[in-house]
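*Asks:* no FASTA, just this:
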């Protein structure tokens, strides 16, 4: 292999890696509304999170469920962001699930990266999903939609 070919291959690999990185960055933290089986889980699993924690861990109006791991570098900042947002709204709580302690939940909820955040309504149904740290404007808009939407009777 000549030097010119080697440099061309190196430049091609770097260009491909840059394009893939930019695409992943553009998708990270975006709000993805969840409807029905949109969690990409098997049909036998629904989009309810009611069984992953005691009922007292959930907010009466909404819950921000954060899936994280001990080695996640972005999880502490995400936790602070979610805590701050939850503190601004009555009936909203943050629930953190450590996937190292509950690895079956990573499969159940198709968690491919940490943090992954699920916005859950008062009926414990997943309304919005964020892969990566949520973008603040999108998170606030999704939460406002849940908080101002029609309340289900319980």
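*Replies:* That came in fine, so what should we check first? Every value quoted in this text rests on a predicted model; they were computed, and no experiment measured them.
*Asks:* low-scoring pLDDT stretches of the protein, where are they?
*Replies:* For the chain, the stretches with pLDDT under 70 are 24-29, 35-47, 150-154.
*Asks:* residue ranges of the strands in it, please?
*Replies:* For the chain, strands defined by DSSP state E occupy the ranges 31-33, 62-68, 92-98, 116-121, 126-131.
*Asks:* who are the contact partners of the closest residue to residue 68 other than its chain neighbours?
*Replies:* Spatial nearest neighbour of residue 68, excluding adjacent residues (C-beta to C-beta, 6 or more residues apart in numbering): residue 75 at 3.8 Å. Glycine gets a C-beta too; all of them are placed from N, C-alpha and C. With contacts defined as C-beta atoms under 8 Å, 6 or more residues apart in numbering, residue 75 is in contact with 66, 68, 69, 114, 115.
*Asks:* again, only this time at 7 Å
*Replies:* If a contact means C-beta atoms under 7 Å, 6 or more residues apart in numbering, then residue 75 has 68, 114, 115 as its contacts.
*Asks:* between those, identify the one with the most neighbours.
*Replies:* residue 115 (27 neighbours; other C-beta atoms under 10 Å).
*Asks:* before I go, just wanted to say thanks for your time.
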